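> Generate a structure from the sequence data that follows.
(2 chains)
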2 protein chains.
Amino acid sequence: MNRDNLFVKIVLNAWELNIKRATSTFESFNDDDIYTEVSPGKNRVVYLLGHLIAVHDMMQPLLGMGPRLYSQLDDTFISNPDKKIKTLPPVTELRTYWTNLNDVLMNKFHNMPVEEWFQKHSSISEEDFAKEPHRNKLSVLITRINHLTYHLGQIALAKK
Amino acid sequence: MNRDNLFVKIVLNAWELNIKRATSTFESFNDDDIYTEVSPGKNRVVYLLGHLIAVHDMMQPLLGMGPRLYSQLDDTFISNPDKKIKTLPPVTELRTYWTNLNDVLMNKFHNMPVEEWFQKHSSISEEDFAKEPHRNKLSVLITRINHLTYHLGQIALAKK
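Now for the predicted structure:
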């Protein structure tokens, strides 16, 4: 395995591991428990589920992998804090989005040519990328993994 | 910048960014507030400070960068859950360890030859590493960054 493949494999492994952890954590909450706050007055687990779906879905345009699947979630789960928007999508629907999006992303990640991971993402200009070549697609995925584990730590607090 | 340097730079940037976040988060708690639980009945912020110091310090032998500095913390912050050991080291001491360890690690990370990041860490055998070359020193650091952000998400809940 060459060095470039190795980098990509390390990062994809970290993504896959933490998505699996998140999936089993979300599955440990039933459709009532998932409305528990991670700590009194803080985000509910269901909000973080919707938030993670929306943030991960945004990687598709950001990494040049196609359009969003669930942009209708942004208003509730990105632009507004928890409890601001009173009516959430049904939990079963969010669970389906989560599973489907993970399959879609994993498939696209594994099919992305290694060289592409070292190209710029869509939110950085050619000029800035020339000066800061470390701001590539792989660095976006690393940042998203850290965002995922940040919220995973919180969700773990709501487990019984 | 060659590809290997680039990848190391991406990971070191992520480490540095999250250590800075953690530092400013710990500084936002005074020496009394730091005994707050992140959620009722869960770890106190001060425990997570000691836990992160101990876990990060362990990277030194694991990455072949020298001996531990603060192995006396393991019993309180690794082997036992919070509140099991009644007497903690003074907070000012933990804060000093945190700052010093971050300086020491950052310095060692920046001085490690790029090629060494792709070598095996000390907990994997030569045979296993031959089969799984992605289990290198860099992958250890990525895992530690994820562990840090996991707890950072929790500590953020205790902020006023």
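> Mind jotting down where the helices sit in chain A?
Here chain A has its helices, by DSSP state H, at A:3-27, A:45-57, A:59-62, A:74, A:91-111, A:126-131, A:137-156.
> between the longest one and helix A:45-57, how big is the angle?
When axes from the mean of the first three to the mean of the last three CA atoms, to 10 degrees is applied, the directions of helix A:3-27 and helix A:45-57 differ by 160 degrees.
> Report the central residue of chain A.
The residue lying closest to the centre of chain A (CA atoms, centre = their mean) is A:H56, at 3.0 Å.
> Rebuild the helices of chain A as CSV, extending it with mean pLDDT.
Below are the helices of chain A laid out as CSV (pLDDT from 0 to 100):
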stretch, mean pLDDT
helix A:3-27, 94
helix A:45-57, 98
helix A:59-62, 98
helix A:74, 98
helix A:91-111, 98
helix A:126-131, 95
helix A:137-156, 97
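> ok, the residue nearest to the centre of chain A to chain B distance?
Distance from A:H56 to chain B, counting by CB to the nearest CB, to the nearest Å: 16 Å. Heads up, the C-betas are built off the backbone N, CA and C, glycines and all.
> Give me every residue in chain A lying close to chain B.
Residues of chain A lying near chain B by CB under 8 Å from any CB of the partner chain: A:1, A:3-4, A:6-7, A:9-11, A:13-14, A:18, A:38-40, A:42, A:118, A:133-134, A:136, A:138-139, A:142-143, A:145-147, A:149-154, A:156-157.
> Buried members of these into ChimeraX, please.
Buried residues within the residues of chain A next to chain B, by 16 or more other CB atoms under 10 Å in any protein chain shown, are selected in ChimeraX with:
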select /A:4,6,7,9,10,11,13,14,18,38,39,42,118,133,134,136,138,139,142,143,145,146,147,149,150,151,152,153,154,156,157
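> Hmm, A:N13 is touching B:H134, no?
Yes: with contact defined as CB atoms under 8 Å, A:N13 counts as touching B:H134 (6.5 Å).
> Might one say that A:E37 is in contact with A:Q154?
No: under the criterion of CB under 8 Å, A:E37 makes no contact with A:Q154, lying 9.9 Å away.
> where do the contact lists of the two overlap?
Residues touching both A:E37 and A:Q154 (CB atoms under 8 Å, 6 or more residues apart in numbering or on different chains) are A:N43.
> Mind putting the helices of chain A into a markdown table with distance to A:K83?
Supplementary listing: those in a markdown table, determined by distance: least, CB to CB, whole Å:
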| stretch | distance to A:K83 |
| --- | --- |
| helix A:3-27 | 19 |
| helix A:45-57 | 8 |
| helix A:59-62 | 26 |
| helix A:74 | 17 |
| helix A:91-111 | 16 |
| helix A:126-131 | 37 |
| helix A:137-156 | 16 |
